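Visitor: My questions concern the predicted model and sequence given below.
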Amino acid sequence: MAHEGAPPGGTRERLGPGPPSKAKKRRAEDHNRKWKQLTDRLKDDFEVGDSVWLYLARVRPRLTKKLAHIWHGPFWIREKGSDFRYCLQVEGMEYLGPR
C-alpha cells in the first residue's frame, strides 16, 4: 500500500548516508592519516655509511621462497652511484650472487 505524499526515493535517501558508510569513511581517513605519517618518516635517499637491508628475491634451487630468507643484512653503504645504484660493504656474506 502506497502512502500519498511519500518521496519517490524512500526514507533512506532523505536521511543521507547511514552509519555503515560513515564508519567506512572514518576508517579510510584513519588509514590515510596513518599511511601519511609512516611515509613522512621514511628516508627518500640513502647516504654513504647508512645501514640497509638487501632484498634478494631469488632463492637457491630446492628451497621454497616462503621459508627462505630473502632479506639479508644489515649492510653499510660504501659508495653512492647514479640513480638507485649503491655499493654495499658485504664482507662475510654467504650468498655470492647468481652463478
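Guide: In hand now; what should we look at? A quick note: this is a predicted structure, and the numbers were derived from the prediction, not measured. Residues are numbered from 1 along each chain as shown.
Visitor: Of all the strand elements in the protein, which one is longest?
Guide: Using DSSP state E to assign secondary structure, the strand with the most residues in the chain is strand 71-80.
Visitor: could I have the helix or strand that comes right after that strand exported to PDB, CA atoms only?
Guide: Downstream of strand 71-80, the next assigned helix or strand under DSSP states H and E is strand 86-89. Taking Å, rounded to 0.1, in the frame of the first residue of the first chain, the C-alpha atoms of strand 86-89 are listed here in PDB:
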ATOM      1  CA  TYR A  86      74.700   1.700  -4.300                       C
ATOM      2  CA  CYS A  87      77.900  -0.200  -3.500                       C
ATOM      3  CA  LEU A  88      77.500  -2.200  -0.200                       C
ATOM      4  CA  GLN A  89      80.100  -3.400   2.200                       C
END
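Visitor: Enumerate the positions of strand 86-89 that are buried.
Guide: Counting neighbours by 16 or more other CB atoms under 10 Å, one finds that the buried residues in strand 86-89 are 86, 88. C-beta here means a position set from N, CA and C on the backbone, and glycine is covered the same way.
Visitor: switch to numbering from 6
Guide: In the new numbering, first residue 6, that becomes strand 91-94.
Visitor: now it: mean pLDDT?
Guide: The pLDDT scores in strand 91-94 average 87.
Visitor: in the longest strand of the chain, what's buried?
Guide: Burial within strand 76-85, assessed by neighbour count using 16+ other CB under 10 Å, is assigned to 80, 82.
Visitor: Identify the residues contacting it?
Guide: With CB atoms under 8 Å, 6 or more residues apart in numbering as the contact definition, strand 76-85 has outside contacts at 51-61, 91-95, 98, 100.
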